[in-house]
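Enquirer: Build me a model:
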Amino acid sequence: MGKERVGQEIEFASNGEEARGYLSLPASGRGPGVIVIQEWWGLVPHIRDVCDRLAREGFVALAPDLYRGESTDDPDVASRLMMDLEIPRAARDLDAAVEVLLNHDAVDGAKVGAMGFCMGGQLALFAATRNRRIGAVGDFYGIHPNVTLDLAGLEAAVLGIFAERDAYATPDAVRKLESELRAAGKRVHFSIYPGVDHAFFNETRPDVYDATAATRAWSELLAFLRAELG
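Expert: Numbering: from 1, shown residues only. Okay, here's the model as predicted:
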């Protein structure tokens with residue numbers, strides 16, 4: 001994308017601890033709030049860029065740093081960081097991030113969106129099962145082996161963006177999750193994009209990035225967030 005950063009690093013309280021994140025505000029000054037949740041790499045420039053892109057589309061976007069300062073571009077380190085992530089603490093940080101947005105003067109509405117990629121996609125869905133102030137979930141090829149979903153608590157609509165050639169969130173696993181959501185009476189729209197791989201949205205990953213699919217997914221996400229959050 002190569003555009004100048006429009007957001008800023010912030011600190012906020014999370015259950016008596018200090019958490020950090022990246023917050024981007026729209027030029028209009030106000031808009032719906034969206035939590036953006038990292039991949040297993042951490043709060044890297046790609047995630048900050050997604051926040052900035054959302055801000056340019058009129059949203060107030062906050063990416064909490066769930067690794068508390070750690071990030072990597074090494075897959076082995078990323079795998080360790082993901083598996084070592086304390087899910088209860090991550091849940092508290094996500095709840096605190098929701099609180100930050102809803103208490104922010106720039107945020108319109110009584111609910112926020114939550115979206116994420118890979119690990120973050122699963123955590124976005126997880127956060128919404130626990131927090132009814134999340135009114136929309138964007139799950140990009142979400143996977144995390146240590147996250148169990150209790151769908152009874154889910155009130156948000158769910159948009160799922162997945163990849164046909166994904167070896168992590170496989171098409172069979174995606175169809176199973178969609179079936180479970182529908183059986184639980186949830187509002188859900190899943191798309192499995194043909195011919196693309198896991199992380200196809202990440203332009204910093206030229207080995208898997210697909211510009212055409214990423215553009216389509218972005219448009220689908222924006223329409224969904226606008227419809228659900230106003």
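Enquirer: all strands for this protein, in order.
Expert: Here the chain has its strands, by DSSP state E, at 7-14, 17-24, 31-37, 60-64, 107-117, 134-140, 157-163, 188-193.
Enquirer: For E99, which of these is the nearest?
Expert: For the strands of the chain, the distance to E99 is smallest for strand 7-14, at 8.1 Å, taking C-beta to C-beta. Every C-beta, even on glycine, is put in place using the N, C-alpha and C of the backbone.
Enquirer: Contacts only, for the closest residue to S79 other than its chain neighbours.
Expert: Spatial nearest neighbour of S79, chain neighbours left out: W40 (6.7 Å); criterion: C-beta to C-beta, 6 or more residues apart in numbering. By C-beta atoms under 8 Å, 6 or more residues apart in numbering, the residues touching W40 are 78-79, 81-82, 118-119.
Enquirer: can I get these in TSV with neighbour count and pLDDT?
Expert: TSV is the format used below for those (neighbours: other C-beta atoms under 10 Å; pLDDT from 0 to 100):
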residue	neighbour count	pLDDT
A78	21	97
S79	12	97
L81	20	98
M82	21	97
C118	27	97
M119	29	97
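Enquirer: among these, which two are most distant?
Expert: Largest separation among the contacts of W40 by C-beta to C-beta: L81 and C118, giving 12.2 Å.
Enquirer: circling back to that earlier point, now, the contacts of W40 that are in helices?
Expert: If you go by DSSP state H, the contacts of W40 have 78-79, 81-82, 119 in helices.
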